[in-house]
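fold the stuff below for me.
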Amino acid sequence: MNRRDFVTGAVGAIAAAGSGAGVTTAGVTAAAAAESSGAAPNDLSGALSGRGFNSPLRFNASIDDCEVVGKIPSDMDGAFYRVGGEWYYPPKFPDDAPLNMDGYVSMFRVKNGKVDFRGRFVETHRFKEQREARRQLYGYYRNPFTDDPSVQDPEHPNLRTVANTSPIVHGGKLFAIKEDGLPHELNPNTLETIGPWDFNGDWKSQTFTAHPKMDPVSGEMVAFGYEATGLASDDVFVYTVDKSGKVTREVRVKVPYVSVIHDMAVTQKHILIPFGGYVTGMDLLKAGKIHWWWDDTKYSYIGVLPRDGEAKDMRWFKGPLRCMMHTFNAEDHGDKIVLYAPFWDGNFFPFFPNIDGSPFKPQLARSLIRKITLDLSSKSDTWKEEILWQMPVVDLGKVDPRVMSLETRYLYTSFTDPDRPVDKAKMGVNANQRLVNSYGRFDLKSSKLDKYFAGPTHSLQELSFVPRKGGEGAGYLVGVASNYAEDRSELVITDAERPQEGDIARVILPFRLSSQVHGVWASADELPLT
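Okay, the predicted model is just below:
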């Protein structure tokens, strides 16, 4: 019996049990009356229906020797980790942001052409509190004033983190992270949660960015925490961590205004901190509102800090308002810095409202690959921006990790190719009818785009790059595809140098995975994998 038949059968059994206690009225039971009218007695068949592929899983998973179609490359020895969110209990408020879902981490361990799968909830302080209470205790995303009194603690908002955004690997450790709290260390083989990590007490910020950057030359990790000293604070603490995991530098700066600072970029000489548009304040939070609002009167900012600099050396450039969420990479060119980033035209989170009360503008929720040039020799405080491809993309982009902070040729991200077929009949009514159906290799030198197509019933989540021997671009692209026709998830593997040739292999799961936010590949040289 498959899972759907089992659930349907169980619901039917509950309904049948309830109907057995019919009350007699004029010699006719309520159940019989319902039957004669054509209505089902105590009908629960439609309970919680309509969620389709995105209904919560609520289980940990373990599969050894997954089914594989095609052939796994023999030189792949490592693990693909991915982190996303699941509502273990329904949100306290129906309009809460999905960014508030409990963290779920999964792993595809690849070795000798075989693949094992593991999936577990990240057992944060918050997750354990609500599991013990057996109900949802936490309110709006990043607003502790809306929490149940039993857990309300506005002085320590980082205890509310769900660690649902990114996996990172550094210093021989695996972490699940989210920008509103500390990293949570995980066992790299079982995915069991070890606990929050403050770098032996040397990390003083209450928070840790969702996107630290790894320097392939030095092995250092550059990271930061914003709202570093508490709710709505304008403090940003910037850190350098050596390859062994020891904090070697801390610089504390102030931001022009408090906003989402989700990502960053590094070069060999500089640290870039971009943000724009989103605002907050203690008055909003104490009034029980959500944390972030979009304010289109604001500028976008990019802070530039020398990697060996102090707070006084931070320089803020400002430009036209963009939703500046993710970056690809940055590189030094003499006195200029070039940043590649898939920034959005405007607010792309419909659950973060415009602060002036105007409606959400979907036409601005468009991400384009941009080249931003900052001239450090100029007295100007703005930048030059170019759009490199006139096509919308998903802003979850990657580069070959061996060129992070160095000169880059290839950018990789997903997008919707309207020229490829979509089989809506096979997908079913509960599937997302707009598929992210392609991965792309965007060549900055030739402007060529090479495309990988996942299929007419598949939607792709974020890709990750798996290096192999060779220069930049030699490797594989891996990512999870949602198969709406079969109601399951598949790990796809394609050659990063020839994505247009299609699949090398697919790893088939017998169920669907929750949506990933970010993922990372770690080789067996980076972690003590079994």
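
and the closest residue to L527 other than its chain neighbours, how many neighbours does it have?
Counting by Cβ to Cβ, 6 or more residues apart in numbering, the nearest residue to L527 once its immediate chain neighbours are dropped is P188, at 4.4 Å. Placement of C-beta: from N, CA and C, glycine included. When neighbours are counted by other Cβ atoms under 10 Å, P188 registers 21.

now do the contacts for P188.
Residues near P188 by Cβ atoms under 8 Å, 6 or more residues apart in numbering: 79, 107, 169, 173-174, 522, 527-529.

go on, K318?
By Cβ under 8 Å, 6+ apart, K318 lies in contact with 256, 299-302, 381-382.

any idea which of the contacts of P188 is closest to P212?
Closest approach between these and P212, by Cβ to Cβ: V169, at 10.5 Å.

look at the closest residue to I273 other than its chain neighbours and give its secondary structure.
Using Cβ to Cβ, 6+ apart and skipping residues adjacent in sequence, the residue nearest I273 is G303, 3.9 Å away. Secondary structure for G303, judged by DSSP: H, G, I helix; E, B strand; the rest coil, is strand.

so that it lines up with my notes, have the first residue be 17 from now on.
Right, with 17 as the first residue, what we last looked at is G319.

does G319 touch A281 like I think?
No: under the criterion of Cβ atoms under 8 Å, G319 is not in contact with A281, lying 10.8 Å apart.

quick one, which of the two is more surrounded?
Set G319 next to A281 and count neighbours by other Cβ under 10 Å: A281 wins out with 28 against 22.

ok, that one to S166 distance?
Look at A281 and S166: by Cβ to Cβ, to the nearest Å, they are 41 Å apart.

what sits against K467?
By Cβ under 8 Å, 6+ apart, the contact set of K467 is 433, 454-456, 515-516.

mind listing the strands for the stretch 117-266 of the chain?
Under the criterion DSSP state E, counting those that start in this stretch, the stretch 117-266 of the chain contains strands at 118-127, 130-137, 182-186, 189-193, 200-202, 209-212, 229-230, 237-242, 251-257, 263-270.

I'd like those as TSV, with mean neighbour count appended.
Below are these laid out as TSV (neighbours: other Cβ atoms under 10 Å):
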stretch	mean neighbour count
strand 118-127	25
strand 130-137	21
strand 182-186	24
strand 189-193	25
strand 200-202	22
strand 209-212	16
strand 229-230	22
strand 237-242	24
strand 251-257	22
strand 263-270	16
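
tell me which of these sits nearest to P366.
Proximity to P366 (Cβ to Cβ) singles out strand 118-127 among those, at 21.6 Å.

that closest one pairs with which strands?
Strand 118-127 pairs in its sheet with strand 94-102 (antiparallel), strand 130-137 (antiparallel), by DSSP bridges.

where does the protein dip in pLDDT?
Low-confidence segments of the chain, defined by pLDDT under 70: 17-56.

over to D299. Which of the three states is it?
helix.

that one and P369, how far apart?
D299 is 16 Å from P369, by Cβ to Cβ.

and N70, by the same measure?
The value you get for N70 to P369, if Cβ to Cβ is used, is 22 Å.

looking at these two, which is more packed in?
Applying other Cβ under 10 Å to N70 and P369 shows that P369 carries more neighbours, namely 18 against 15.

dump the residue contacts of the more buried one.
P369 neighbours (Cβ under 8 Å, 6+ apart): 306, 309-310, 376.

phi first, then psi, for it.
Backbone geometry at P369, expressed as degrees, to the nearest 10, gives phi -70, psi 160.

same thing with M443?
Given degrees, to the nearest 10, the pair of backbone angles that M443 has is phi -70, psi -30.

that one against Q449, yeah?
Yes: M443 is within contact range of Q449, at 7.3 Å (criterion: Cβ under 8 Å).

higher neighbour count, these two?
M443 (23 against 11).

ignoring the adjacent residues along the chain, who's closest to that one?
Leaving aside its sequence neighbours, M443 sits nearest to Y500 (Cβ to Cβ, 6+ apart; 4.1 Å).

next: G101.
Closest residue to G101 apart from its sequence neighbours, by Cβ to Cβ, 6+ apart: M117 at 2.9 Å.

how about the contacts made by that neighbour?
100-103, 178, 180.

which two of those residues have the greatest separation?
The largest separation in the contacts of M117, counting by Cβ to Cβ, is between G100 and W103 at 11.5 Å.

quick one: which of those two has more around it?
Here G100 and W103 are compared on neighbour count by other Cβ under 10 Å; more neighbours surround G100, at 24 against 18.

quick check: the more buried one touching N180?
Yes: G100 is in contact with N180 according to Cβ under 8 Å; the separation is 6.4 Å.

identify the contacts common to these two.
Here G100 and N180 have 117, 119-120, 533 as joint contacts, going by Cβ under 8 Å, 6+ apart.

about what we covered before: can you report how many residues neighbour the residue nearest to M443?
25.

residues in contact with it?
69, 442-444, 447-448, 473-475.

so which of those residues belong to helices?
442-443 (DSSP state H).

derive a PyMOL selection command for the buried subset of the contacts of Y500.
Command for PyMOL that selects the buried part of the contacts of Y500, burial taken from 16 or more other Cβ atoms under 10 Å:
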select buried, resi 69+443+447+473+474+475
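
and which of the contacts of Y500 is nearest V131?
Nearest to V131 out of those is H474 (Cβ to Cβ; 18.4 Å).

wait, doesn't that closest one sit right on A497?
Yes: using Cβ under 8 Å, H474 makes contact with A497 at a distance of 4.4 Å.

anything in contact with each of the two?
Contacts common to H474 and A497, judged by Cβ under 8 Å, 6+ apart, are E506.

closest to P483 out of the strands paired with strand 118-127?
Closest to P483 of those is strand 94-102 (Cβ to Cβ; 9.8 Å).

gap between that closest one and the chain center?
Centroid separation between strand 94-102 and its chain, computed with Cα atoms, centre = their mean, to the nearest Å, is 9 Å.

that one vs strand 189-193, what angle?
On the basis of axes from the mean of the first three to the mean of the last three Cα atoms, to 10 degrees, strand 94-102 is oriented at 20 degrees to strand 189-193.

got the angle for strand 94-102 vs strand 182-186?
Using the same axes, to 10 degrees: strand 94-102 against strand 182-186 is 150 degrees.

before we move on, back to that, make JSON lines out of the contacts of M117 and add distance to E145.
Below are the contacts of M117 laid out as JSON lines (distance: Cβ to Cβ, whole Å):
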{"residue": "G100", "distance to E145": "21"}
{"residue": "G101", "distance to E145": "17"}
{"residue": "E102", "distance to E145": "16"}
{"residue": "W103", "distance to E145": "15"}
{"residue": "V178", "distance to E145": "12"}
{"residue": "N180", "distance to E145": "16"}
